[in-house]
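Student: coords below, sequence missing:
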């Protein structure tokens with residue numbers, strides 16, 4: 001065999017050795033990784049609590065129309081007293097008010113005609129529509145909720161329009177409750193691991209961030225939801241812990 005052929009054969013043998021070595025290393029890595037994963041077990045813990053909201057927030061929109069911005073703004077400001085009386089009559093004694101800036105826009109009043117009316121432009125009138133968002137907060141949750149549900153569309157006989165934007169119900173001690181549920185869920189996950197693995201339970205490998213869900217009472221449990229539409233709620237926390245198996 002000449003020197004050239006001998007060199008080629010040596011290179012071929014070396015290549016085969018490298019391929020076989022790579023295959024063995026890859027197989028060993030996969031097998032060791034598989035064995036490693038089999039040495040761990042994950043457990044889920046859950047904690048829940050039924051709670052009644054102790055804070056309510058009612059967002060409404062007051063609307064007035066007039067021929068000038070100044071007049072429309074003045075009418076809305078006068079309606080504040082009528083709004084306070086409406087809330088007081090509903091037995092909401094601790095109401096706190098937040099008045100957003102008044103906004104306005106131009107529009108055309110077509111009277112009894114529609115946009116294509118027959119009376120002609122001479123019967124139309126340029127008007128200003130002013131609006132203001134008012135937020136009312138109270139601990140009288142049921143009373144404010146009932147008022148929001150049955151609030152009149154007209155605040156007074158003088159023509160003020162009142163429209164409910166939304167009513168929200170919250171729990172003021174949520175932070176404290178969430179901590180309690182987190183600890184309870186963690187204890188539940190570890191207890192389950194201890195019961196199932198016994199002496200084989202090793203150190204904790206990892207823990208996922210506890211996830212809080214807020215659902216209406218007696219509703220289907222969808223995680224990660226944050227309900228604000230119901231007074232009675234169910235707060236729940238789910239956590240996942242992974243332990244080493246000895």
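Tutor: Yes, it's here. Model, not experiment: these values are computed from the prediction. Residues are numbered from 1 along each chain as shown.
Student: following the helix or strand bottoming out on mean pLDDT in the chain, which helix or strand shows up next?
Tutor: Across the helices and strands of the chain, mean pLDDT, DSSP states H and E gives its lowest value to helix 3-37, namely a mean of 45. Going down the chain from helix 3-37, the next helix or strand is strand 40-52, by DSSP states H and E.
Student: Return the set of buried residues in that next one.
Tutor: 41, 43, 45-48, 51 (16 or more other C-beta atoms under 10 Å). Where you see a C-beta, it was placed from the backbone N, CA and C, and this is true even at glycine.
Student: Now render those residues as CSV, adding pLDDT and distance to residue 215.
Tutor: Shown next, in CSV, are those (pLDDT from 0 to 100; distance: C-beta to C-beta, whole Å):
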residue, pLDDT, distance to residue 215
41, 93, 29
43, 95, 23
45, 95, 18
46, 94, 13
47, 95, 14
48, 93, 9
51, 96, 11
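Student: Flag the shaky bits of the protein, pLDDT-wise.
Tutor: 1-37, 111-123, 156-158, 221-224 (pLDDT under 70).
Student: quick one: the helices in it?
Tutor: Taking DSSP state H, the helices of the chain run over residues 3-37, 69-89, 141-150, 174-197.
Student: for the third one, packing partners?
Tutor: This means helix 141-150. For helix 141-150, the packing partners by 3 or more C-beta pairs under 8 Å, 6 or more residues apart in numbering; DSSP states H and E come out as strand 55-66, helix 69-89, strand 161-170.
Student: I'd like the distance from that helix to the chain centre, please.
Tutor: 22 Å (C-alpha atoms, centre = their mean, to the nearest Å).
Student: tell me the angle of that helix relative to helix 69-89?
Tutor: If you take axes from the mean of the first three to the mean of the last three C-alpha atoms, to 10 degrees, helix 141-150 sits at 130 degrees to helix 69-89.
Student: list the contacts for the closest residue to residue 169 other than its chain neighbours?
Tutor: Distances taken as C-beta to C-beta, 6 or more residues apart in numbering put residue 53 closest to residue 169, at 3.8 Å, once the chain neighbours are dropped. Residues near residue 53 by C-beta atoms under 8 Å, 6 or more residues apart in numbering: 141, 169-171, 230-233.
Student: from these, which would you call buried?
Tutor: By 16+ other C-beta under 10 Å, the contacts of residue 53 give 141, 169-171, 230-231, 233 as buried.
Student: unless I'm mixing things up, residue 159 is touching residue 66, no?
Tutor: No: Residue 159 lies out of contact with residue 66 (C-beta atoms under 8 Å); the separation is 9.9 Å.
Student: In terms of neighbours, single out the busier of those two.
Tutor: Per other C-beta atoms under 10 Å, whichever of residue 159 and residue 66 has more neighbours is residue 66, with 18 against 13.
Student: May I ask you to confirm that that one is in contact with residue 72?
Tutor: Yes: using C-beta under 8 Å, residue 66 makes contact with residue 72 at a distance of 3.9 Å.
Student: Find residues that contact each of those two.
Tutor: By C-beta under 8 Å, 6+ apart, the residues touching both residue 66 and residue 72 are 128, 130.
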